[in-house]
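Q: Mind looking at a prediction? Sequence and model below.
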Amino acid sequence: MSGEAVMDERRAGPLQVLRTVLSALFGVRHRRMHEEDSAGLRPIQVIIAGVIVVAVFVLAIIAFVQLVATK
């Protein structure tokens, strides 16, 4: 069994990908958690989740500024 076949058996779920992206965004992460999560992550999962998280973050900031500016 090759290393690639073993990696295909364990895939990260959506919550695990979200946790990885959020911890990377805030810069808080333990080495053990990073090693565990990176084993099952695929680059496309991280890219898509990253784009979604950043878009939600930017939209939240825009909504907050508009809310504060209208009062």
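A: Arrived safely.
Q: List the residues that contact the residue minimising distance to the centre of the chain.
A: Centroid check for the chain by CA atoms, centre = their mean gives Val21 as the closest residue, at 2.0 Å. Neighbouring residues of Val21 by CB atoms under 8 Å, 6 or more residues apart in numbering: Val46, Ala49, Gly50, Val53. (Glycine included, C-beta is placed from N, CA and C.)
Q: Now the buried members of those residues.
A: Restricting the contacts of Val21 to buried positions leaves Val46, Ala49, Gly50, Val53, with burial counted as 16 or more other CB atoms under 10 Å.
Q: would you turn those residues into TSV with distance to Ala63?
A: As requested, the buried ones among the contacts of Val21 are exported to TSV (distance: CB to CB, whole Å):
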residue	distance to Ala63
Val46	26
Ala49	21
Gly50	20
Val53	16
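Q: Tabulate those residues in JSON lines, adding columns for pLDDT.
A: Shown next, in JSON lines, are those (pLDDT from 0 to 100):
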{"residue": "Val46", "pLDDT": "90"}
{"residue": "Ala49", "pLDDT": "93"}
{"residue": "Gly50", "pLDDT": "93"}
{"residue": "Val53", "pLDDT": "94"}
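Q: Now for those: which two are most distant?
A: Val46 and Val53 (10.3 Å; CB to CB).
Q: Cool, thanks, signing off.
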